[in-house]
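Asks: Would you be able to build a 3D model of this:
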Amino acid sequence: MSNVYDALLRHPMLLTSNTTILGNEAQLSGPWLEHVKTHNIKISTTDWLTAQAYRGHISDDDITFGPTDVSTLKDKVVILLWPKSKVEGLTLLTMLASVATSCYVVAANDAGGKSIKSATKEIANDCTKIDSARHCGFWSLDFKPTDVAPNWLKYARSFTADERSFLTLPGVFGHGKLDKGTALLLENIPAPAHGRILDLGCGSGVIGLTMKVRNPKLDVILTDVDALALRSAELNSVRLGQTVEILASDGLEDVSGRFDYIFSNPPFHQGKRTDYDFALRLFRDARRQLTRDGQVWIVANRHLGYEEWAAESFNKVDVMVQAHGFKLLCVSHPK
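Replies: Now for the predicted structure:
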């Protein structure tokens, strides 16, 4: 079980039917789930894995997956699990301050837990550490009064790719900028002439939507586990006037059908830890969901051993180009 839930269970008086937990942490234990279920605690998360981890254990009515609507949190006891993105955390707290006078924050020491006080000094009159346990800090915040409108779009940032503007919400990969790996992919792959394509781990949707703009005849599906990414992709599809399918999925787990092309610039960090699980599962699972002549195009940091991992499931693995510390692989012919 995650240490943040251990830290929370030390304060049962705060965990009642009037409590909402904001945050993303899918490692749950029996004692934590039992407490959440018994006391009808509400869960609001932007992480599909966290939402799915709770399903079947507590009522679906107590689980919200999507960008947080802080207007529903007035007069609630709110506990924020500090996110990986500092910008996302501060955005949430700033919006929360428009409807609440206080909240609690719990964070692992190696993921911002030691610096909550300094990080929140612009939005909190007082920030007091009330507990330190299981390598986590537990903080109580009293907000400064604010009249800032609680609107995610106020904190969106844009970047340009393929001469078009793409919007990103706080916490989304590439917030306000086009990362070098995605740029490498877009610069070196023209839009396919036809077929069904998947942008896996889509973020803002820049890869799939760019392909759709280049060739409107394509059938494009965008997937991610992050609700803020999915909302960014939805907003960008509307802004660009493109009709695509957008859905939450853990890798290929919730995706059906076969694809002629799968494009991905997968994450390889989980907090401070290097995590290759996404790419390993992609190579393992993609062979079952590609058409006979289908291809996987994937961006990787140059030092990562994607070629060897891909070769375990595919007969043809080619490094098409290397630049700016990245490489672009084309993988085909499943074993």
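
Asks: For the residue nearest in space to the middle of the chain, give me phi and psi.
Replies: Residue closest to the average C-alpha location in the chain (CA atoms, centre = their mean): D226, at 3.0 Å. The phi/psi pair for D226 (degrees, to the nearest 10) reads phi -100, psi 120.

Asks: That one bridge partners, please.
Replies: Going by DSSP bridges, D226 is paired in beta bridges with D47.

Asks: which ones are touching it?
Replies: Residues in contact with D226 (CB atoms under 8 Å, 6 or more residues apart in numbering) are 46-48, 171-172, 203. All C-beta atoms are positioned from the backbone trio N, CA, C, and that covers glycine.

Asks: For this structure, give me the ranges with low pLDDT.
Replies: Residues of the chain meeting the criterion pLDDT under 70: 1, 268-275.

Asks: so which strand or helix has L8?
Replies: helix 3-9 (DSSP states H and E).

Asks: Output the contacting helices and strands for that helix.
Replies: On a contact count with 3 or more CB pairs under 8 Å, 6 or more residues apart in numbering; DSSP states H and E, helix 3-9 meets helix 30-38, strand 102-108, strand 124-133, strand 136-143.

Asks: make it 7 Å
Replies: helix 30-38, strand 102-108, strand 136-143 (3 or more CB pairs under 7 Å, 6 or more residues apart in numbering; DSSP states H and E).

Asks: quick one: contacts of the following helix or strand past it?
Replies: Counting by DSSP H and E, the next helix or strand C-terminal to helix 3-9 is strand 19-22. By CB atoms under 7 Å, 6 or more residues apart in numbering, the surrounding residues in contact with strand 19-22 are 41-44, 68, 73, 76-81, 92.

Asks: Return the lengthiest strand in the chain as PDB; C-alpha atoms alone will do.
Replies: The longest strand of the chain (DSSP state E) is strand 290-301. Output in PDB follows, covering the C-alpha atoms of strand 290-301 (Å, rounded to 0.1, in the frame of the first residue of the first chain):
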ATOM      1  CA  LEU A 290      -2.100  -4.700 -35.300                       C
ATOM      2  CA  THR A 291      -3.400  -5.500 -38.700                       C
ATOM      3  CA  ARG A 292      -1.300  -7.900 -40.800                       C
ATOM      4  CA  ASP A 293       0.900  -5.100 -42.100                       C
ATOM      5  CA  GLY A 294       0.500  -2.800 -39.100                       C
ATOM      6  CA  GLN A 295       3.300  -0.800 -37.600                       C
ATOM      7  CA  VAL A 296       4.200   0.700 -34.200                       C
ATOM      8  CA  TRP A 297       6.000   4.000 -34.300                       C
ATOM      9  CA  ILE A 298       7.500   4.800 -31.000                       C
ATOM     10  CA  VAL A 299       9.800   7.600 -29.600                       C
ATOM     11  CA  ALA A 300      12.400   6.800 -27.000                       C
ATOM     12  CA  ASN A 301      15.300   8.400 -25.200                       C
END
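
Asks: For that strand, buried residues please.
Replies: Applying a neighbour-count criterion of 16 or more other CB atoms under 10 Å, one finds 290, 294-300 buried in strand 290-301.

Asks: which among those residues gets closest to I189?
Replies: W297 (6.0 Å; CB to CB).

Asks: any idea how far the closest one is from R284?
Replies: W297 sits 17 Å away from R284, going by CB to CB, to the nearest Å.

Asks: now do G203
Replies: With the distance defined as CB to CB, G203 ends up 22 Å from R284.

Asks: neighbour count winner among those two?
Replies: Neighbours per residue, other CB atoms under 10 Å: of G203 and R284, the larger number sits with G203, 26 against 15.
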